[in-house]
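Asks: Sequence and predicted structure below; questions after.
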Amino acid sequence: MEQGLRRFEGKTAVITGGATGVGFSTAHRLASEGARVVIGGRRADTGSEAVERLRASGLEAAFVRADVADANQVRDLMDQAVRLYDRIDILINNAAIFTPGRFMDTSWEDWRRVFDVIVSGAYLCTKEAARRMIKEGVQGRIVNVSSINSTRALEESSHYNAAKGALDQLTRNTALELIDRGIRINSVALGFIDTPMSVVDGVKEHETDWFRDIYVARKKIPQQRSGQPEEAAGVIAFLASEDASYMCGAVVAVDGGLSITF
């Protein structure tokens, strides 16, 4: 980050799933550039810990317990953000869940829960945040955190991949409909990022032999490594800033070049 950069001075950012991984790194990045951040999440313990870490660095942050799949809790999240900081300027739809499972073994409950969090959560948060942005005349910025899996097939990921594909299309359609209201919406499509979600059944997939063989040794990822949360946060911050003023409905790959190989 450029020393002394303050692109978000006086702005309020709501970040769902902001207590860990990419969400926390984004919260830290935006707050470091002057934003007042509100972290929304289901777990009060991790949320409170994240806020304590930010405040220990002299940054302004608050946590609101909220399940993004629950319309009432999303409404309360946005209301509390306004009560705390008067307005909402930025929304980062980052909340997601993933549990591997083959299509024929995936239960309806598992399928629905993934869609509820990733797609319905973004729908609810975008609508509630946009209503408040429009009411206050805010030139809002919304960034959805998607995945390059949205355009690819991968075994044991049908529910997650389909949900991310829907999120990309939600990005495009809401960007089209809300740009006239002064709200600019874009998305990042992440590749392999070193976060808690990359640990499956106690194994960190980026440290396995198959990852080193396929993605590193064979250069399936041209940069030959997984990404760090801070690298994803940098692009998210860019899209949330006026540096991206002529971007609307874009889905930007942050994947070390994985999406250009085959």
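Replies: Perfect, I can see it now. These numbers come from a predicted model, not from an experiment.

Asks: For this protein, which helix extends over the most residues?
Replies: As assigned by DSSP state H, the longest helix anywhere in the chain is helix 158-178.

Asks: which residues touch it?
Replies: Residues from elsewhere that reach helix 158-178 (C-beta atoms under 8 Å, 6 or more residues apart in numbering): 93, 96, 98, 101-103, 106, 110-111, 114-115, 118-119, 122-123, 126, 130, 140, 142, 144, 146-147, 149-154, 184-187, 189, 248-249, 251. All C-beta spots, glycine's among them, are computed from the backbone N, C-alpha and C.

Asks: Give me the residues contacting the helix or strand just after that helix.
Replies: Downstream of helix 158-178, the first helix or strand assigned by DSSP states H and E is strand 184-190. Residues outside strand 184-190 that contact it (C-beta under 8 Å, 6+ apart) are 22, 126, 139-148, 150-151, 164, 167-168, 171, 174-175, 178-179, 227, 232, 235-236, 239, 244-245, 247-255, 259.

Asks: Just the ones of those residues in helices?
Replies: Among the contacts of strand 184-190, the ones falling in helices (DSSP H) are 22, 126, 164, 167-168, 171, 174-175, 178, 232, 235-236, 239.

Asks: Residue 178 versus residue 210, what's the distance?
Replies: Counting by C-beta to C-beta, to the nearest Å, the gap from residue 210 to residue 178 is 42 Å.

Asks: go on, residue 259?
Replies: Counting by C-beta to C-beta - residue 259 and residue 178 are separated by 27 Å.

Asks: Looking at those two, which is more packed in?
Replies: Between residue 259 and residue 178, counting by other C-beta atoms under 10 Å, residue 178 is the more crowded of the two (21 against 15).

Asks: what pLDDT does the more buried one get?
Replies: With respect to pLDDT, residue 178 scores 98.

Asks: residues in contact with the helix or strand of the chain with the lowest mean pLDDT?
Replies: Between all helices and strands in the chain, the lowest mean by mean pLDDT, DSSP states H and E belongs to strand 199-200, at a mean of 74. Residues outside strand 199-200 that contact it (C-beta under 8 Å, 6+ apart) are 100, 205.

Asks: dump the residue contacts of residue 216.
Replies: Contact analysis of residue 216 by C-beta under 8 Å, 6+ apart lists 224-225.

Asks: whoops, I mixed them up, residue 136
Replies: For residue 136, the contact set (C-beta under 8 Å, 6+ apart) comprises 87-88.

Asks: Can you pull the poorly scored residue ranges out of the stretch 151-262 of the chain?
Replies: Within the stretch 151-262 of the chain, no stretch has pLDDT under 70.

Asks: how does it look with 80?
Replies: Where the stretch 151-262 of the chain drops to pLDDT under 80, the residues are 197-203, 262.

Asks: how close does residue 139 sit to residue 223?
Replies: Distance from residue 139 to residue 223, counting by C-beta to C-beta: 34 Å.

Asks: Roughly how far does the residue nearest the centre of the chain sit from residue 41?
Replies: A centroid search over the chain (C-alpha atoms, centre = their mean) returns residue 94, at 2.4 Å, as the residue closest to the centre. Using C-beta to C-beta, we find residue 94 at a distance of 10 Å from residue 41.

Asks: need the strands for the chain, in chain order.
Replies: In the chain, the strands defined using DSSP state E lie at 12-16, 36-41, 61-65, 90-93, 141-147, 184-190, 199-200, 203-204, 251-254.

Asks: Of all those strands, which one is nearest residue 49?
Replies: Evaluated over the strands of the chain, closeness to residue 49 peaks at strand 61-65, with 9.0 Å, by C-beta to C-beta.
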